[in-house]
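In: Quick one, structure for this:
(2 chains, ligands or ions: 2)
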Amino acid sequence: MLSIENLHVSVGDKPILKGLNLQINAGEVHAIMGPNGAGKSTLSHVLSGKAGYTVTAGSAIYQGKDLLAMEPEMRAREGVFLAFQYPVEIPGVSNIYLLKAALNAMRKHNDLPEVDAMDFLALVKDKVKLLEMDDKFLYRSVKEGFSGGEKKRNEILQAAILEPSLCILDETDSGLDIDALKVVASGLNSLRDPERAFLMITHYQRLLDYVTPDIVHVLADGQIVKTGGAELALELEAKGYQWLEEQAA
Amino acid sequence: MSASAQEIENLIGQEYKDGFVTELEVDTFPPGLDEEVIAKLSAIKGEPAFMLEYRLKAFRHWQTMPEPNWAQLNIEPIDYQAISYYSAPKKDADKPQSLDEVDPVLLDTYKKLGIPLDEQERLAGVAVDAVFDSVSVATTFKGKLKDAGVIFCPISEALQEYPELVRQYLGTVVPETDNFFAALNAAVFTDGSFVYIPKGVRCPMELSTYFRINAANTGQFERTLIIADADSHVSYLEGCTAPMRDENQLHAAVVELVALDNAEIKYSTVQNWYPGDENGVGGIYNFVTKRAECRGANSKVSWTQVETGSAITWKYPSCVLLGDHSVGEFYSVALTNNYQQADTGTKMIHIGKNTRSTIIAKGISAGRSQNTYRGLVKVAKSAENARNYTQCDSLLVGDKCGAHTFPYVEVKQPSAQVEHEATTSKISEDQLFFCQQRGLSAEDAVSMIVNGFCKTVFKELPMEFAVEAQALLGISLEGSVG
Ligand SMILES: Nc1ncnc2c1ncn2[C@@H]1O[C@H](COP(=O)(O)OP(=O)(O)O)[C@@H](O)[C@H]1O
Ligand SMILES: [Mg+2]
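Out: Numbering: from 1, shown residues only, chains lettered A, B, ... in the order given. Ligands and ions are numbered 1, 2, ... in the order given. The predicted structure is shown next:
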């Protein structure tokens, strides 16, 4: 589904990703772990098309297409979804309004008719139940006055409605208490699908206790320095990142 | 003759009579303005003598006035002697014969707003035969209003049918000496709307110029007078969300509202005149004087405006709160793009005791436009316990535009409470990227963010107006993001 080869990315003159390689197939759940500042968020931003990053070498092929050449909204419509580490606020825009616009933009792209308000509401209510969220949630302005946990849950709700092919989650576990973490994890598990891949970026093992990854990568200093199974995450939890960084250097 | 034959006869007779009125040919006046022109205008309109006197008084005063030049505006000088002050209604033969002859840019906008075809024809000024449907709508509408005792007609008709009523109120809120453009309007206005809601009547429907026959082409000096008698209620919609075909460069309208005891007037405007092209060429100069007097105790006037059109807008819908416990409200969205300039706001003049006013003004600037809020809250010595709340928010799209806020406050009564909040924000890259990451184009994202910003004002608009206003903002912002 996604094939990243020798990806080099800079911000200004500063190289951040330095030859990153990654293969993700449909149905797989990948975790990327790594110390702060390793370039994890940078990777998620470059894949989703945020401005401000320069790709100096390498490629990312997504479903046979040159991902890096596409506009951010086209990537989204083609099924690349990013759950943000720091979700932004849009005063006055209700959650449900944004979601409906997003879903219809996607459907239009796929030559499907737009969903009307009634059908949309029914769909959303289903998903809300799935994530054990409150209906009230839908009518509030996007993330205004949401707690940290609610913001993150909301990102997962958006994924549940938009049904992406590639779901990138940037530190979705941070700022969640244990109950919220369990809810988010069960939401994610319910989204697991043979047609869908996950790229979970996380600093800690915590989330991986509830959403078991197929493959774990360690990102340090702009490169994948180690790849293993779910047990690698446990090893990292015990030993920290230091030994790997030293190994890489 | 059978009854039905008689009806047919009447109908034919009526049509003939109406036809005769429309066919009556009056040439367009040559450019220029003097007392003779005004006398001729008044004569053509068949006005009562007091109107001619009123117009001449206004004209004489106007001649002594310097053109205003204090607003944050950059105005090309206007040659008032180069304007024609009366033009006969267009003959069908001179109108576009079908939509094929209408500017495609205009049609494109109509399409985006989802305006039905026959409506597009009306807006674009296409010569259409009286569509049976719209005639019957207008007739039912008129009947309903008549049953309620509501008067709603062109002001020129009111001057003939109800001269005393017009005389009693005309110019009492905006005197002909008020300002340069109000004086000019008083001297030369050709038409506009007149509304009278009798005591205790709740107007059975929203009044809109849309339904008024001959609403189009009222010309550049429009005059509106609305009187809500004691315990009455009316909601009036001005304009239309679609741009009207209009050949006038200068618009100098005057709107006067009078609310008596316990009466309430809600006045909603969507102004979308031609703003000029993306290089700032062309466009309407919109200089409007709108003022309401809350004369009665517990009366209330609420202005809601969405201003997206015109090259230059200069407009301050105001409330004079005379009656004790009277309430004035002003909700405004002013959006400027490209080279547009808007200088708009309100005046709340508190005179009665316990009077309250609320001002919510949202300014959006994009492109190279300049957007100014200018407001005055004045509390007279007599206005014990007066209260005002003002909130002014500016949103910048891009970094070549400007937003300016000038809130003036004059308080002469120590018990008054006046609160002011102001914010200026930019659409952040993070907000834009977030929306794009959810599949929205940059333009749709900006339009959504702007609509969210305007939400507190849009919820004051009548439902169907609000929906269209949202679509309109999106269209007006086109090209504002790279
Ligand atoms: N916009 C930026 N400008 C300058 N440096 C940046 C910018 N974004 C990220 N960086 C730098 O790039 C490195 C990687 O950051 P990031 O991708 O956020 O790491 P992580 O998510 O793994 O903690 C850090 O050293 C960070 O300071
Ligand atoms: Mg990060």
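In: phi, psi of A:Val183?
Out: phi -60, psi -50 (degrees, to the nearest 10).
In: One more: A:Leu123?
Out: Per-residue torsions, A:Leu123: phi -60, psi -50 (degrees, to the nearest 10).
In: Quick check: chain neighbours aside, which residue is closest to it?
Out: A:Ile161 (6.7 Å; CB to CB, 6 or more residues apart in numbering or on different chains). Backbone N, C-alpha and C define where each C-beta goes, glycine included.
In: tell me the mean pLDDT over the helix or strand hosting that neighbour?
Out: According to DSSP states H and E, A:Ile161 maps onto helix A:148-162. The pLDDT scores in helix A:148-162 average 85.
In: Return the set of buried residues in that helix.
Out: Within helix A:148-162, the residues that count as buried by 16 or more other CB atoms under 10 Å in any protein chain shown are A:149-162.
In: likewise stretch B:377-391?
Out: Quick answer for stretch B:377-391 (16+ other CB under 10 Å): B:377-380, B:383-388, B:390.
In: what does stretch A:59-67 give?
Out: For stretch A:59-67, by 16+ other CB under 10 Å, it's A:60, A:62, A:67.
In: Any part of it near chain B?
Out: No - using CB under 8 Å from any CB of the partner chain, stretch A:59-67 stays clear of chain B, with a minimum separation of 13.4 Å.
In: Now do the end-to-end distance for that stretch.
Out: 8 Å (CA to CA, to the nearest Å).
In: How many residues are close by the closest residue to B:Phe434 other than its chain neighbours?
Out: Among residues not flanking B:Phe434 along the chain, A:Val88 sits closest, at 4.7 Å (CB to CB, 6+ apart). A:Val88 has 16 neighbours, counted by other CB atoms under 10 Å in any protein chain shown.
In: is it true that A:Val88 touches B:Leu432?
Out: No - distance between A:Val88 and B:Leu432: 9.3 Å, which falls outside the contact criterion (CB atoms under 8 Å).
In: For B:Val166, which residues are in contact?
Out: B:155, B:158-159, B:194, B:225 (CB atoms under 8 Å, 6 or more residues apart in numbering or on different chains).
In: can you redo those as a markdown table with secondary structure, distance to chain A and neighbour count?
Out: Formatted as a markdown table, the contacts of B:Val166 follow (DSSP: H, G, I helix; E, B strand; the rest coil; distance: CB to the nearest CB, whole Å; neighbours: other CB atoms under 10 Å in any protein chain shown):
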| residue | secondary structure | distance to chain A | neighbour count |
| --- | --- | --- | --- |
| B:Ile155 | helix | 38 | 21 |
| B:Ala158 | helix | 41 | 21 |
| B:Leu159 | helix | 45 | 23 |
| B:Phe194 | strand | 37 | 26 |
| B:Leu225 | strand | 36 | 24 |
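In: Next, count neighbours for whichever residue of chain A sits closest to chain B.
Out: Residue nearest to chain B within chain A (CB to the nearest CB): A:Gly92, separated by 3.1 Å. A:Gly92 has 19 neighbours, counted by other CB under 10 Å.
In: Ok, B:Val467 next?
Out: Count around B:Val467 with other CB under 10 Å applied: 15.
In: quick one: it is in a helix?
Out: Yes - counting by DSSP: H, G, I helix; E, B strand; the rest coil, B:Val467 falls inside a helix.
In: What distance do you get for it to chain A?
Out: Using CB to the nearest CB, to the nearest Å, B:Val467 is found at 12 Å from chain A.
In: If you check the stretch 251-400 of chain B against ligand 1, which residue is the closest one?
Out: Residue nearest to ligand 1 within the stretch 251-400 of chain B: B:Asp399 (18.8 Å; CB to the nearest ligand atom).
In: just chain B next, same as before
Out: B:Glu429 (10.7 Å).
In: Pull the number of nearby residues for that residue.
Out: Residues near B:Glu429, counting by other CB under 10 Å: 12.
In: Next up, phi/psi of it, please.
Out: phi -60, psi -30.
In: okay, the spatially closest residue to it that is not a sequence neighbour: pLDDT?
Out: Computed as CB to CB, 6+ apart, the closest residue to B:Glu429 that is not its neighbour in sequence is A:Ala51, at 6.7 Å. pLDDT, A:Ala51: 92.
In: Verify the contact between A:Ala51 and B:Gln436 for me.
Out: No - here A:Ala51 does not reach B:Gln436: they are 9.7 Å apart, not a contact under CB under 8 Å.
In: between those two, which one's more packed in?
Out: B:Gln436 (24 against 10).
In: SS state for the nearest residue to B:Asp229 once chain neighbours are set aside?
Out: Leaving aside its chain neighbours, B:Asp229 sits nearest to B:Lys199 (4.6 Å; criterion: CB to CB, 6+ apart). Following three-state DSSP, B:Lys199 is assigned to coil.
In: I'd say B:Lys199 and B:Asp231 touch.
Out: Yes - contact criterion CB under 8 Å: B:Lys199 and B:Asp231 qualify, at 6.0 Å.
In: And those two? Which one has more around it.
Out: B:Asp231 (19 against 14).
In: and the more buried one, what does it touch?
Out: With CB under 8 Å, 6+ apart, B:Asp231 has these contacts: B:199-200, B:261-263.
In: between the buried residues of stretch A:59-67, which is nearest ligand 2?
Out: A:Ala60 (18.6 Å; CB to the ion).
In: what pairs with that closest one across the strands?
Out: A:Ile4 (DSSP bridges).
In: How many neighbouring residues does B:His420 have?
Out: For B:His420, using other CB under 10 Å, the count is 15.
In: I'd assumed it was in a helix, is it?
Out: No - going by three-state DSSP, the assignment for B:His420 is strand, not a helix.
In: Quick check, it in contact with B:Phe406.
Out: No - at 11.6 Å, B:His420 does not count as touching B:Phe406 under the criterion of CB under 8 Å.
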